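Peer 1: Make a model of this:
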Amino acid sequence: MPTANNLRKLLHRKAWELCTPCPSSTVAGSFLTGDDSGTLPANDGVYGVYSASTVYNYHPDQDAWGQIPASGIAGTFGAGSCGEFLAIGMLGGVLDQTATAGTTTTLTTNRTVVRDLKGCRIRVLSGAGAGYDGTVASNTIGANAIITVTPASGTAFDASSSFRVWSGSLWFWNAGSSAVGFSVYDRATNAWTAKSVTGMPTAWGTHGQLVGTGSAKGPFDTGTSSGGNASTKLNHSGKSWLANAWTNAQLRITGGTGAGQVRTVTSNTATALTVAAAWTVTPDATSGYSIEGNDDFLYLLGNASVTLYRYSISGNAWTTLSPATARAAAPGAGFSADWIHGVTDADWSGAQGKLLLQSGTYRQNGRYLYSFRGGASAHLDLYDLAGNTWIAAGTAYGNAQETFSTGSCSVEFAGTIYLMKEATGRIFRFDVARHALEPWTTNVYPVSTAVEGDKLAVVAYRDGATLIPFLYHLVHSRAELQRMLVIG
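Peer 2: The predicted structure follows:
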């Protein structure tokens, strides 16, 4: 029987539940992150990072913690360390996998998979079987793992088949006074892979935020091409997109000619999307498409600087962005950064949202990072991913009185940003559609000295089409973990 959540905010009092404490107490830089997309088949994609060698996997279903391998990451763990969980897997430390052989129901890999991936999403991007979108039915354990998929593909996979598996990965940016580190943990292989820090600051501290924009959060717009496409272009004459609204988003061909291909959008007109790399197979009037979050990008903010960095997962390379308008001021202690992608309000749907600001900023899912500036301020800064620009002088919002400083942190879910204020136990919610900050709850359980690092995470239990979210809270300088059902 499907689960129905009929609780109502006015009728049902929010109540914190005590969960199993973590084996370690939080310190400066400790962070909690997990899967809020409901993509992973098992509700076990939550991680608490306490040092370079102390990383725990929390299982909400079992309410229990287990340690994973030490990261081996460079740098010195402390304030400024941060991370992000992505639903997409990184077998062998890379985004795209290439099969060594296959059939209509199997893909043979050159990876050593050590866990069951049953139920994980799998897509074939190119080569034999391109466009396949299915589920892992089973897999062998050990070297050269064979993945069995369901349903069967209409074309047999072979050594040309390139694919992705949504089996989960944990990304970890480490602080340091003279060296930093960046690594990714892949759940399927239970292994860490060091990643590039070339071109990045060698000294990183104070506070940091790593933000992903993965496609697991769902599409922002879909359709079928009207044809007449070029080597780097897809047309849809029935659309009326805002100019360049989808720049830096991901365009995926979901069916028909050219199915499976994924490209980054570089610009768009009202009826055409231009992509960064030429199509291997040019789509035509049979080609369905999806515009979605970019699986290739991670954004890094902090270090008491206005500088913003973007990491390409496929290229293993960092870019220092040069926004058209710089951030009005550097983020301070306890600042936040959240990608806005799930607002359900009609004004935010598609790419024709209503004006948000007089400066010409439009409401649009997937387009913005919202960042409360911290440093004992009440400033909210918006970064436009499509326009590569910050909204000048910050953004006025409703009820802008509460300030946020050391120990403050946030997490976003379904168009709401939940913010914990320092070590007060007070949690606020910023309603993105209403553009206002509201008091939400107070955690009355004891906390200790406020320390930097994200200590909020949302875990969404999926029951069919229903997502039931819980907000988890790690306590400052202690080991306790608590959760609360997000009502209404």
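Peer 1: Any stretches of this structure with poor pLDDT?
Peer 2: 1-12, 351, 358-359, 393-394, 488 (pLDDT under 70).
Peer 1: Residue 219 - how many residues pack around it?
Peer 2: Neighbour count of residue 219, defined by other CB atoms under 10 Å: 16. Yep, even glycine has a C-beta here, placed from its N, CA and C like the rest.
Peer 1: so it sits right up against residue 292, yeah?
Peer 2: Yes: with contact defined as CB atoms under 8 Å, residue 219 counts as touching residue 292 (4.8 Å).
Peer 1: Excluding residues flanking it in the chain, which one is nearest residue 434?
Peer 2: residue 398 (6.9 Å; CB to CB, 6 or more residues apart in numbering).
Peer 1: check contacts around the one you found.
Peer 2: 434, 435, 436, 437 (CB atoms under 8 Å, 6 or more residues apart in numbering).
Peer 1: rerun that using 10 Å as the cut-off
Peer 2: 430, 431, 434, 435, 436, 437, 438 (CB atoms under 10 Å, 6 or more residues apart in numbering).
Peer 1: Show me the beta-bridge partners of it.
Peer 2: residue 436 (DSSP bridges).
Peer 1: So that it lines up with my notes, have the first residue be 308 from now on.
Peer 2: In the new numbering, first residue 308, that becomes residue 705.
Peer 1: which of the contacts of residue 705 are buried?
Peer 2: 737, 738, 742, 744 (16 or more other CB atoms under 10 Å).
Peer 1: dump the residue contacts of the residue nearest in space to the middle of the chain.
Peer 2: In the chain, the residue lying closest to the centroid (CA atoms, centre = their mean) is residue 519, at 3.7 Å. Contact analysis of residue 519 by CB under 10 Å, 6+ apart lists 340, 390-395, 476, 478, 600-606, 618, 620, 646.
Peer 1: among those residues, which are in strands?
Peer 2: Using DSSP state E, the members of the contacts of residue 519 that fall in strands are 340, 390, 391, 392, 393, 476, 478, 604, 605, 606, 618, 646.
Peer 1: Make CSV from those and add distance to residue 455 to it.
Peer 2: As requested, these are exported to CSV (distance: CB to CB, whole Å):
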residue, distance to residue 455
340, 30
390, 32
391, 30
392, 26
393, 24
476, 22
478, 28
604, 31
605, 31
606, 36
618, 33
646, 34
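Peer 1: Just the closest of these to residue 515, please.
Peer 2: Minimum distance to residue 515 across these is 9.1 Å, recorded for residue 390 (CB to CB).
Peer 1: measure the closest residue to the closest one other than its chain neighbours to residue 493 for me?
Peer 2: Leaving out its chain neighbours, the residue that sits closest to residue 390 by CB to CB, 6+ apart is residue 479, at 4.6 Å. Separation of residue 479 from residue 493 (CB to CB, to the nearest Å): 12 Å.
Peer 1: intersection of neighbour lists for those two?
Peer 2: residue 499.
Peer 1: what are the ranges of the strands in the stretch 608-757 of the chain?
Peer 2: Using DSSP state E, counting those that start in this stretch, the strands of the stretch 608-757 of the chain run over residues 612-619, 624-627, 645-647, 675-679, 687-691, 696-697, 716-720, 723-727, 733-738, 743-749.
Peer 1: Neighbouring strands of the third one in the sheet, and parallel or not?
Peer 2: By that I understand strand 645-647. strand 675-679 (antiparallel).
Peer 1: Next, the angle from the partner strand to strand 612-619.
Peer 2: Angle between the axes of strand 675-679 and strand 612-619 is 140 degrees (criterion: axes from the mean of the first three to the mean of the last three CA atoms, to 10 degrees).
Peer 1: Which of the helices or strands spans the residue lying farthest from the centre of the chain?
Peer 2: No residue in the chain sits farther from the centre than residue 535, which is 33.9 Å out by CA atoms, centre = their mean. Assessed by DSSP states H and E, residue 535 sits outside every helix and strand.
Peer 1: Which residues lie in contact with it in this structure?
Peer 2: Contacts of residue 535 (CB under 10 Å, 6+ apart): 541, 542, 544, 579, 591, 592.
Peer 1: Ok, residue 329 next?
Peer 2: Taking CB under 10 Å, 6+ apart as the test, what residue 329 contacts is 337, 339, 355, 357, 361, 363, 365, 372, 781-782, 785-788.
Peer 1: Without its sequence neighbours, what residue ends up closest to it?
Peer 2: Of all residues not flanking residue 329 in the chain, residue 786 sits nearest, at 5.0 Å (CB to CB, 6+ apart).
Peer 1: what's that neighbour sitting at in phi/psi?
Peer 2: Dihedral angles of residue 786 (phi, psi; degrees, to the nearest 10) stand at phi -100, psi -10.
Peer 1: Just give the number of residues close to it.
Peer 2: That count, for residue 786 with other CB under 10 Å as the rule, works out to 16.
Peer 1: and what of residue 475?
Peer 2: The number of residues packed near residue 475 is 26, by other CB under 10 Å.
Peer 1: go on, residue 760?
Peer 2: Using other CB under 10 Å, residue 760 has 27 neighbouring residues.
Peer 1: Also residue 712?
Peer 2: For residue 712, the count of nearby residues is 16 (other CB under 10 Å).
Peer 1: what's the answer for residue 498, then?
Peer 2: Neighbour tally, residue 498, other CB under 10 Å: 18.
Peer 1: now do residue 373
Peer 2: 11.
Peer 1: in which helix or strand would I find residue 354?
Peer 2: Per DSSP H and E, residue 354 falls inside strand 353-356.
Peer 1: got the CA coordinates for that strand in PDB?
Peer 2: The C-alpha atoms that make up strand 353-356 are tabulated as PDB, following Å, rounded to 0.1, in the frame of the first residue of the first chain:
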ATOM      1  CA  VAL A 353      24.100   9.900   3.800                       C
ATOM      2  CA  TYR A 354      27.700  10.700   4.800                       C
ATOM      3  CA  GLY A 355      29.300  12.500   7.800                       C
ATOM      4  CA  VAL A 356      32.800  13.700   7.300                       C
END
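Peer 1: OK, contacts around residue 335?
Peer 2: Taking CB under 10 Å, 6+ apart, we find residue 335 in contact with 384-388, 482, 512-514, 713-714, 756-760, 783-784.
Peer 1: ugh, wrong one, I meant residue 476
Peer 2: By CB under 10 Å, 6+ apart, residue 476 lies in contact with 352, 391-398, 400, 402, 491-495, 500, 519, 521, 620.
Peer 1: And the closest residue to it other than its chain neighbours, how close does it get to residue 472?
Peer 2: Distances taken as CB to CB, 6+ apart put residue 397 closest to residue 476, at 4.2 Å, once the chain neighbours are dropped. Distance, residue 397 to residue 472, using CB to CB: 9 Å.
Peer 1: Looking only at neighbour counts, state which of those two leads.
Peer 2: Neighbour count, other CB under 10 Å: between residue 397 and residue 472, residue 397 has more, with 28 against 25.
Peer 1: Look up phi and psi at the more buried one.
Peer 2: With angles defined as degrees, to the nearest 10, residue 397 sits at phi -140, psi 60.
Peer 1: Verify the contact between it and residue 521 for me.
Peer 2: No: contact criterion CB atoms under 10 Å: residue 397 and residue 521 do not qualify, at 11.8 Å.
Peer 1: residues shared between the contacts of those two?
Peer 2: Common neighbours of residue 397 and residue 521 (CB under 10 Å, 6+ apart) are 476, 620.
Peer 1: circling back: who's in contact with the residue nearest to residue 476?
Peer 2: Residues near residue 397 by CB under 10 Å, 6+ apart: 403-404, 471-472, 474-478, 491-496, 498-500, 502, 620.
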